[in-house]
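Asks: Below: sequence and its predicted model.
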Amino acid sequence: MMNYIYCSRIDGLSRERLYSQRNLLDPHQQTTFDQFRFDDDKRRMLLARMLLRYVLTKHEGYQGPHFPHLHYQQFGKPTIMGMKGEFNISHAGVWAVCAYNPLGDIGVDIEKRVPIDIHDYQDVLTPEEFTQLAQGGNVDFFRLWSLKEAIIKADGRGFSLSPTMFTLPHPFANGLTVDVAEKRWYLYSQDIGEEYVLSSASVSNKTALFSLAFDTLLA
């Protein structure tokens, strides 16, 4: 069964459109929206929910005019009551992302590449991963980290599943698997331009990635 990942850029969302779409949020989501200080944070939140509504309409027959209410599991993983498949959302910089799997768990993460000191991340990497990165091996930190985030989000236990509990396969290629806590995850990762890397972990092997124009998502 296929994974579906949809992404869209926040820079297509003008301030006027931003606030017109706010009305589609439920009262709790509107409160969260209003607490953001900067419009770009509001855009990321809103666009992620617009992508989720698109996913529900396309794959689950959702017909409601408003954004669906999100429930949160014990460790904070969002879910929707009565949904047949599973979803996960992420956003960074100018991108918002929503991933969907019709059969089971999925996690998605997008990261913007920025200058880092790898030693600041030693505590969240396995010794093998840190050695490869510190020695300048052919390892992309942001791809590795986005894959770890995707696995943790798919698992649903948050950071009670430590990123040091599993080592990612190296060299990486799409379709490789990693077993974590007796569950097998199929891995996928894709550069989005030069600045971003998007990764997912799912119970399904095949993945389709779509970039959507903002107007496609309008109510």
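Replies: Here it is on my side, so go on. Residues are numbered from 1 along each chain as shown.

Asks: where exactly do the helices run in this structure?
Replies: 15-22, 27-35, 39-60, 127-134, 141-155, 214-217 (DSSP state H).

Asks: which residues are in contact with the shortest one?
Replies: Taking contacts as CB atoms under 8 Å, 6 or more residues apart in numbering, the residues outside helix 214-217 that touch it are 8-9, 12-13, 17, 47, 50-51, 53-54. Heads up, the C-betas are built off the backbone N, CA and C, glycines and all.

Asks: would you turn the residues you listed into CSV with neighbour count?
Replies: What follows is the contacts of helix 214-217, written out as CSV (neighbours: other CB atoms under 10 Å):
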residue, neighbour count
8, 26
9, 17
12, 16
13, 23
17, 15
47, 28
50, 24
51, 26
53, 19
54, 19
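
Asks: and which of those is nearest to residue 80?
Replies: residue 53 (10.5 Å; CB to CB).

Asks: Quick check: the closest one touching residue 62?
Replies: Yes. If you go by CB atoms under 8 Å, residue 53 and residue 62 touch, sitting 6.9 Å apart.

Asks: hey, what's in contact with both of the two?
Replies: Taking CB under 8 Å, 6+ apart as the contact rule, residue 53 and residue 62 both touch residue 68.

Asks: how big is the angle separating the longest strand that the chain contains from helix 141-155?
Replies: Of all segments of type strand in the chain, defined using DSSP state E, the longest is strand 183-192. Using axes from the mean of the first three to the mean of the last three CA atoms, to 10 degrees, one finds that strand 183-192 and helix 141-155 are set 140 degrees apart in direction.

Asks: Just the C-alpha atoms of strand 183-192, please, in CSV.
Replies: Only the C-alpha atoms of strand 183-192 are listed here, as CSV (Å, rounded to 0.1, in the frame of the first residue of the first chain):
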residue,chain,number,x,y,z
LYS,A,183,8.3,-3.0,14.7
ARG,A,184,9.7,-2.6,11.2
TRP,A,185,9.7,0.8,9.6
TYR,A,186,10.2,1.5,5.9
LEU,A,187,12.3,4.7,5.4
TYR,A,188,12.0,7.4,2.8
SER,A,189,13.9,10.7,2.4
GLN,A,190,13.9,13.4,-0.3
ASP,A,191,15.6,16.7,-0.7
ILE,A,192,13.2,19.6,-1.2
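
Asks: Fine by me, thanks again.
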